[in-house]
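> turn this into a model:
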Amino acid sequence: MSRVVRFHKVGGPEVLQISDEQVTAPGAGEVQIKVKAIGINRAEVMFRSGQYLETPQLPARLGYEAAGIVVSVGEGVSEFKLGDAVSTVPAFSQNEYGVYGDLVNVPATAVVKHPVHLSWPEAAAIWMQYMTAYGALVDIADTKAGEYVLISAASSSVGVAAIQIANMIGAIPVALTRYSSKREALLKAGAKYVIATEEQDLVAEVNRITNSHCARVIFDPVGGPTINKLAEATAQRGIIFQYGALSSEPTPLPLFTILAKQLTIRGYTLFEVSTDPERFARAKQFIIKGLTDGKLKPSIAKIFKLEQVVEAHRYMQSNQHIGKIILEV
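Numbers count the residues shown, from 1 in each chain. From the prediction side, this is the model:
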């Protein structure tokens, strides 16, 4: 028997329930993991509330990222053995798998042996954040040393990861956050500049920082009306990665700015990297090297116990945190 987190209706954090369930043996191509830590992501909050890319099939499980020990492998799995310390990569549907629990089965293609120096919470805070940022900044945009990168919602785990990756490749991370209360923490996290968008003129600050050259790469999970200002702050023939929809307001199309600057506004999720074997292999190599060299270091905001999953989701929705929220099992 294992504790499993499910929700029987969409809604707020209070719909999450923990129950004891029998876990089946792993099927062909699957790995069974005794979970030590779970990383919470905004995608799971949106899935739980019925605002995600896929509609939950109730009663639904949830969760993309876990770290733990392999306790069983299914038929056809040869790359993992009992006792391996591993972490899971978001490369599956939450309607098919979910890692909020004590004991979970996941596809072997979504399992990685992480660097041994990482703690369990750190190992559960790798793949969503670093692969999301890597896919946009490195795999697609091919960001160069010396280029400016605008990073919206910079205090999120993906935002902090984007700051670290930008620094790793020699780019210049410009962190965007709503209020200046997070300025010092973002500078400490590696941002070269911080713009408080509710307190400062975003376009004017970008022009000042870049000497009016603007930024070629914009990394935004928010959308909404701010897309107009982001487009103005984008350099000629630049690219805006829209990888989320956190804003509750409609996202307009800044058509004349797009035409004048020949901009690309690109919808993006990490799944186009994590489900492509060749791109996935390059991403793993890049991220593991960064973790091993110490250039990438997961930032942990707060750790909750599994039985505090409701409080953990409430904390995420409060937007107080900088870095990753973890459930300890």
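
> find the nearest non-adjacent residue to the spatially most central residue of the chain, please.
For the chain, Gln129 is the residue whose C-alpha lies nearest the centre (C-alpha atoms, centre = their mean; 3.3 Å). Counting by C-beta to C-beta, 6 or more residues apart in numbering, Gln129 lies nearest to Ala161, which is 3.8 Å off, once chain neighbours are set aside. For glycine as for every other residue, the C-beta is placed from the backbone atoms N, C-alpha and C.

> the helix or strand the one you found falls within: which residues count as buried?
Taking DSSP states H and E as the criterion, Ala161 maps to helix 157-168. For helix 157-168, a neighbour-count test (16 or more other C-beta atoms under 10 Å) marks 157-168 as buried.

> ok, now stretch 170-179?
171-178.

> how far is the strand of greatest length in the chain from where the chain is centred?
The strand that spans the most residues within the chain, counting by DSSP state E, is strand 30-40. The chain centre lies 17 Å from the centre of strand 30-40; the measure is C-alpha atoms, centre = their mean, to the nearest Å.

> list the buried residues of that strand.
30-33, 35-40.

> next one: stretch 261-271
261, 263, 265, 268-271.

> which one of those is nearest Gly238?
Leu263 (5.8 Å; C-beta to C-beta).

> now do the contacts for the closest one.
By C-beta atoms under 8 Å, 6 or more residues apart in numbering, the contact list for Leu263 reads 231, 234, 237-240, 257.

> in ChimeraX, select just the buried ones from those residues.
Here is the ChimeraX command that selects only those of the contacts of Leu263 that count as buried (16+ other C-beta under 10 Å):
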select :231,234,238,239,240,257
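
> what values do phi and psi take at the residue lying farthest from the centre of the chain?
Of all residues in the chain, Ala260 has its C-alpha farthest from the mean position, at 31.9 Å, by C-alpha atoms, centre = their mean. The phi/psi pair for Ala260 (degrees, to the nearest 10) reads phi -70, psi -40.

> that one and Thr177: what is the separation?
28 Å (C-beta to C-beta, to the nearest Å).

> with Val4 instead?
For Val4 relative to Thr177 (C-beta to C-beta), the value is 36 Å.

> so where do the strands sit in the stretch 51-200 of the chain?
Using DSSP state E, counting those that start in this stretch, the strands of the stretch 51-200 of the chain run over 65-73, 85-88, 103-107, 111-112, 148-151, 172-177, 193-196.

> so which of the ones you listed comes closest to Pro221?
strand 148-151 (9.6 Å).

> out of the contacts of Leu263, who's nearest Lys81?
When the contacts of Leu263 are compared against Lys81 (criterion: C-beta to C-beta), the nearest one is Ile239, at 42.1 Å.

> what residues are bridge-paired with that closest one?
Note on Ile239: beta-bridge partners Val217, Thr264, judged by DSSP bridges.

> ok, it to Gly190 distance?
Taking C-beta to C-beta, one finds Ile239 at 22 Å from Gly190.

> hmm, back to that, now, the buried residues of stretch 261-271 that are in helices?
261, 271 (DSSP state H).

> domain ranges for this protein?
Domain ranges of the chain: 2-126+298-328, 128-271, per automatic domain parsing.
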